[in-house]
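sharing a sequence plus its predicted fold:
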Amino acid sequence: MNPIAVTLGDPAGIGPEIIAKAFRDAPEATRGCFVAGDVAALRRAAAIVCGAGGVDLPVAEIAAPRQAHQAPPRCIPVLQVVAPFAPLALGQVSAQAGRVAGDCVSWAARAALRGELAAIVTAPLHKEALAAAGAPYAGFPGHTELLQAEAAAHLNRPVDELPVRMMLANDELRTVLVSIHLPLRQAIEQVTEGNVLQTLRITHRSVGAALRRPPRIAVAGLNPHAGEGGLFGSEERQAIAPAIARARAEGIDARGPFAPDTVFMRARAAPAGAGEFDVVLAMYHDQGLIPVKYLGVERGVNVTLGLPLVRTSPDHGTAFDLAGTGRADAGSLLAAIRMARQLSQA
């Protein structure tokens with residue numbers, strides 16, 4: 001099997017440290033993985049997370065992705081995909097850190113699109129640093145849009161002909177978003193029949209491939225009580241319900257729109273059994289992400305749907321306030337690695 005690349009993330013944030021912890025604490029989960037990044041940044045991170053305990057965590061530079069399979073347990077194989085750079089101040093936004101993070105993602109995306117990787121797992125980048133890096137990264141609000149652009153260029157297609165969506169998932173709940181990184185006013189404008197239908201199609205195809213069966217999709221309303229028959233808004237009647245009807249006519253198991261304050265509870269899997277739905281379609285970023293993150297940031301995984309490659313990521317940010325302390329939790333990154341492996345084998 002091709003290896004899995006874990007991108008460095010912003011070198012001023014916790015990305016390198018949680019990568020080091022993942023390789024130290026979960027050798028089985030990280031087997032066949034390597035870091036697409038910078039050797040010196042990983043060595044500094046390994047010293048931070050292991051220095052006090054005196055644990056030996058070697059960092060080995062590799063020459064090609066396939067050499068990741070030859071690395072012994074609790075050794076971090078790193079492919080130097082950016083020009084070496086002097087240590088950056090931890091916990092500070094900088095254009096150089098943003099460019100390093102962006103370059104690592106671009107390299108991994110292109111390698112995956114060439115068929116050299118099974119999947120990519122992206123450590124957190126800082127959106128302000130990415131914007132400060134200038135062209136081409138200033139035009140991308142985050143990982144999702146950058147990966148979409150790389151994939152569209154590889155396929156020689158316009159970006160708008162390669163629609164992608166964000167899914168946040170843990171072992172209890174999955175949510176897919178109609179819009180991603182937009183101001184709320186603009187996100188509401190994106191709640192159209194066409195966008196909701198497109199999201200339903202992507203969700204049906206991508207989540208169905210992972211489950212190996214058609215998914216049961218619940219669709220959240222935009223307004224309180226899903227509009228209450230038009231009393232609290234018209235988007236449900238004019239856009240969301242017609243999109244659901246068209247999706248159902250295509251054989252997609254989509255239902256709703258449901259009141260957004262209860263639908264996530266209905267879909268949540270509990271120890272007593274599976275939820276009523278496999279995934280919830282949310283109308284905007286925070287509507288879908290808050291329920292999953294409330295269940296535990298350390299367990300959530302961000303998955304980009306619609307790409308011709310597998311990409312997952314932890315569901316948290318760069319946590320500049322924790323950078324350099326060695327206290328950052330690697331749980332979400334490990335969950336992302338495990339999900340990437342599962343999706344790449346689907």
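On my side now, so go ahead. Residues are numbered from 1 along each chain as shown.

C-alpha only now, for contacts and for neighbours.
Fine.

show the pLDDT at Leu177.
As predicted, Leu177 sits at a pLDDT of 97.

for it, give me its contacts.
Leu177 makes contacts with Arg165, Met166, Met167, Thr199, Leu281, Ala282, Met283, Tyr284, His285, Gly288, as judged by Cα atoms under 8 Å, 6 or more residues apart in numbering.

rerun that using 7 Å as the cut-off
Counting by Cα atoms under 7 Å, 6 or more residues apart in numbering, Leu177 touches Arg165, Met166, Met167, Leu281, Ala282, Met283, Tyr284, His285, Gly288.

list phi and psi for it.
phi -110, psi 140 (degrees, to the nearest 10).

next, work out how far apart it and Leu295 are.
18 Å (Cα to Cα, to the nearest Å).

how close does the residue most central in space within the chain sit to Arg24?
Taking Cα atoms, centre = their mean, the centroid of the chain lies closest to Asn302, which sits 3.0 Å from it. Distance of Asn302 to Arg24, given as Cα to Cα: 23 Å.

next one: Gln186
43 Å.

who has more neighbours, the two?
Shown here are Gln186 and Arg24; by other Cα atoms under 10 Å, Arg24 has more neighbours (21 against 12).

which parts of stretch 128-137 are buried?
Ala129, Leu130, Ala131, Ala132, Ala133, Tyr137 (16 or more other Cα atoms under 10 Å).

then stretch 60-67?
Quick answer for stretch 60-67 (16+ other Cα under 10 Å): Ala60, Glu61, Ile62, Pro65, Arg66, Gln67.

ok, now stretch 155-172?
For stretch 155-172, by 16+ other Cα under 10 Å, it's Val159, Pro163, Val164, Arg165, Met166, Met167, Leu168, Ala169, Asn170, Glu172.

mind listing the strands for the stretch 151-300 of the chain?
165-169, 174-177, 217-220, 254-258, 279-282 (DSSP state E, counting those that start in this stretch).

no, scratch that, I was asking about the stretch 1-150 of the chain
Under DSSP E, counting those that start in this stretch, the stretch 1-150 of the chain gives strands at 4-7, 33-37, 59-62, 76-80, 119-122.

reformat the ones you listed as TSV; add distance to Ile244.
TSV is the format used below for the strands of the stretch 1-150 of the chain (distance: least, Cα to Cα, whole Å):
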stretch	distance to Ile244
strand 4-7	36
strand 33-37	40
strand 59-62	49
strand 76-80	46
strand 119-122	32
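
let me have these in TSV, extended by mean pLDDT.
TSV is the format used below for the strands of the stretch 1-150 of the chain (pLDDT from 0 to 100):
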stretch	mean pLDDT
strand 4-7	98
strand 33-37	98
strand 59-62	96
strand 76-80	98
strand 119-122	98
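
pick the most buried one from those.
strand 4-7 (a mean of 32; mean count of other Cα atoms under 10 Å).

what strands flank it, and is each parallel or antiparallel?
strand 33-37 (parallel), strand 119-122 (parallel) (DSSP bridges).

could those go into JSON lines alongside distance to Gly15?
Formatted as JSON lines, these follow (distance: least, Cα to Cα, whole Å):
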{"stretch": "strand 33-37", "distance to Gly15": "11"}
{"stretch": "strand 119-122", "distance to Gly15": "9"}
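
and the residue nearest to the centre of the chain, that one's in a strand?
Yes - when DSSP: H, G, I helix; E, B strand; the rest coil is applied, Asn302 is found to be in a strand.

gap between the two ends of stretch 147-162?
Terminal residues of stretch 147-162 lie 11 Å apart, using Cα to Cα.

contacts for that stretch next, please.
In contact with stretch 147-162 (Cα under 7 Å, 6+ apart) are residues Ala109, Val164, Leu307.

could you dump those to JSON lines with pLDDT and distance to Ala346?
Formatted as JSON lines, the contacts of stretch 147-162 follow (pLDDT from 0 to 100; distance: Cα to Cα, whole Å):
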{"residue": "Ala109", "pLDDT": "98", "distance to Ala346": "19"}
{"residue": "Val164", "pLDDT": "95", "distance to Ala346": "19"}
{"residue": "Leu307", "pLDDT": "95", "distance to Ala346": "15"}
